[in-house]
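Novice: predicted model and sequence follow; I will ask about them next.
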Amino acid sequence: MPSHRKPDMPLPDQPTGSGTDIAGDALGGVGRSTTAAGANGPAAAGIDLHIRQLSKRYANVAALDAVDLDVASGELVALLGPSGSGKTTLLRVIAGLLHPDSGRVLFGADDATRLSLRERNVGFVFQHYALFKHMTVAENIAFGLRSRPRRRRPDKATIARRVDELLALIQLPGFGNRYPEQLSGGQKQRVALARALAIDPNVLLLDEPFGALDAKVRVELRRWLRRLHDQTGQTTLFVTHDQDEALELADRVVVLKDGRIEQVGTPDEIYNAPASAYVFDFIGRANRLEGRIEDGHFQAEGQASRLRAGLAGNMPAQLYVRPHDIALVAADAGLRAEVVAVHRRADRITLELSAQTQSRLLELDLPTSSDTPLPAIGSAVGLQLQRYRVYPG
Ligand SMILES: Nc1ncnc2c1ncn2[C@@H]1O[C@H](COP(=O)(O)OP(=O)(O)OP(=O)(O)O)[C@@H](O)[C@H]1O
């Protein structure tokens, strides 16, 4: 998977030089007074976060375009969108790594827009294990606390206790003396998370933290992260382009497109009531039929049957339906289609169908245990759409 690292994004790969200073701030800022309170149990949740009309342009690209977003204290929110939709830019503006052209970032009631990275006290975890290679796990976790100015720095014993609590929290007790190279990828990311949490951040910002790991470890870690979040109650923003990850992990999902928010909702709302054709298409597999809305019904091109549209007016429209929401019916009922191909997979059988005059093929899923006899390739079938949505345009 390609690196999502941006050229001007400081990363704490090497704890020398200016990059380290900035990274140290990112991981160990001092804006919020921190006690070395226990990391077990739902400790101090982060604060609530408010984004107001944030915009950021690069040449002729609007990376963020008048974005508004409210994140409640203790919420885990996923920023989801394809490459280039503005996810990382939004995270970096919230962190103070990047200044917006206009708009405001509020931490609780406080305007943080002009605050430095250090003053914001955010925890940041990147896709690539940005651990300091020559420091032990314990030293990595303690880094943010140790880099504080003397008057705000907890004493050595308190830091050691905090490190032990965090090692227990990330389920790596006894790993404190290891070096990063002695850890698996997933373990490194857990340590990176502990390091971000050590400073008791206002907000935890995670940029594709599991993006470089293999699929199985990713799934394990996102479930682990959800359990951890339930323990810590930390306000968290999580960037991903993986729909499953967002839907499984988050309390709410923000779908971004070209620097704008397309929809904000719970995973159920995003999956079951996509606000636009874009969201429907982006979340899960989707079929599209071209047609028109006429008298409250959708009339697909080249089809005789009409479907309730739930929209008034008379205009071009598109109908979206998921492959598992289509049933096979008699060839002279429902939408008319012809079977083009049958694909068998371990968990389902997918029929590829051509509906008259529609430019795109449709897909229909049957469970592998289905009693329905499979239609032959080239045969005519009828399709009944059980759940679908119609969007104008
Ligand atoms: N430093 C930069 N200079 C010029 N354009 C940039 C810069 N950083 C980001 N962009 C552009 O801003 C837009 C948003 O980029 P951003 O990195 O926020 O997207 P993203 O959703 O995080 O994508 P990805 O998933 O690929 O990381 C893109 O069009 C990108 O090319």
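Specialist: Looks like it arrived, so ask away.
Novice: can you name the helix or strand that residue 227 falls in?
Specialist: Remark: residue 227 resides in helix 215-232, with elements defined by DSSP states H and E.
Novice: tell me what the helix or strand that that helix is followed by is packed against?
Specialist: Elements were assigned by DSSP H and E; along the chain past helix 215-232, the next helix or strand is strand 236-240. Taking 3 or more CB pairs under 8 Å, 6 or more residues apart in numbering; DSSP states H and E as contact, the helices and strands that strand 236-240 lies on are strand 76-80, helix 87-95, strand 203-207, helix 243-249. Just so you know, the C-beta spots here come from the backbone N, C-alpha and C atoms, and that holds for glycine as well.
Novice: partners of the third one in the sheet?
Specialist: Read it as strand 203-207. strand 122-125 (parallel), strand 236-240 (parallel) (DSSP bridges).
Novice: between these, which has the poorest mean confidence score?
Specialist: Among the strands paired with strand 203-207, strand 122-125 carries the lowest mean pLDDT, at a mean of 91.
Novice: using PDB, write out every CA atom in it.
Specialist: Listed next in PDB are the C-alpha coordinates belonging to strand 122-125 (Å, rounded to 0.1, in the frame of the first residue of the first chain):
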ATOM      1  CA  VAL A 122      -3.400  16.400  20.400                       C
ATOM      2  CA  GLY A 123      -2.300  12.800  20.100                       C
ATOM      3  CA  PHE A 124      -1.400  11.700  16.500                       C
ATOM      4  CA  VAL A 125      -0.800   8.300  15.000                       C
END
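Novice: need the residues that contact it.
Specialist: Defining contact as CB atoms under 8 Å, 6 or more residues apart in numbering, one finds that strand 122-125 is touched by 26-27, 29, 94-96, 189, 192-193, 195-197, 199, 201-207, 209, 234.
Novice: could you pull out the buried residues of it?
Specialist: Taking 16 or more other CB atoms under 10 Å as the neighbour-count basis, strand 122-125 is seen to contain the buried residues 122, 123, 124, 125.
Novice: farthest pair within these?
Specialist: Using CB to CB, the pair of the buried residues of strand 122-125 lying farthest apart is 122 and 125, separated by 10.6 Å.
Novice: any idea how far apart the tips of stretch 378-390 sit?
Specialist: 28 Å (CA to CA, to the nearest Å).
Novice: quick one: contacts for whichever residue of the stretch 201-350 of the chain sits closest to the ligand?
Specialist: Per CB to the nearest ligand atom, residue 241 is where the stretch 201-350 of the chain lies closest to the ligand, at 5.0 Å. Neighbouring residues of residue 241 by CB under 8 Å, 6+ apart: 80, 81, 82, 83, 87, 208.
Novice: same question, residue 390
Specialist: Taking CB under 8 Å, 6+ apart as the test, what residue 390 contacts is 293, 298, 307, 309, 310, 311, 317, 318, 319, 320.
Novice: hmm, 7 Å instead?
Specialist: Applying CB atoms under 7 Å, 6 or more residues apart in numbering, we find residue 390 in contact with 293, 298, 309, 310, 311, 317, 319.
Novice: just the ones of those in strands?
Specialist: Among the contacts of residue 390, the members falling in strands are 293, 298, 317, 319 (criterion: DSSP state E).
Novice: now a ChimeraX select for only the buried ones of those.
Specialist: In ChimeraX, a selection of the buried entries from the ones in strands among the contacts of residue 390 looks like this (16+ other CB under 10 Å):
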select :293,298,317,319
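Novice: between the ones in strands among the contacts of residue 390, which sits nearest residue 249?
Specialist: Looking at these and their distance to residue 249, the nearest is residue 319, at 30.1 Å (CB to CB).
Novice: backbone dihedrals for the spatially closest residue to the closest one that is not a sequence neighbour, please?
Specialist: Leaving out its chain neighbours, the residue that sits closest to residue 319 by CB to CB, 6 or more residues apart in numbering is residue 289, at 4.4 Å. Backbone torsions for residue 289, taken as degrees, to the nearest 10, come to phi -120, psi 130.
Novice: OK, contacts around residue 289?
Specialist: With contact taken as CB under 7 Å, 6+ apart, residue 289 is in contact with 300, 318, 319, 355, 358.
Novice: touching, the fourth one and residue 334? I think so.
Specialist: No - Residue 355 lies out of contact with residue 334 (CB atoms under 7 Å); the separation is 10.4 Å.
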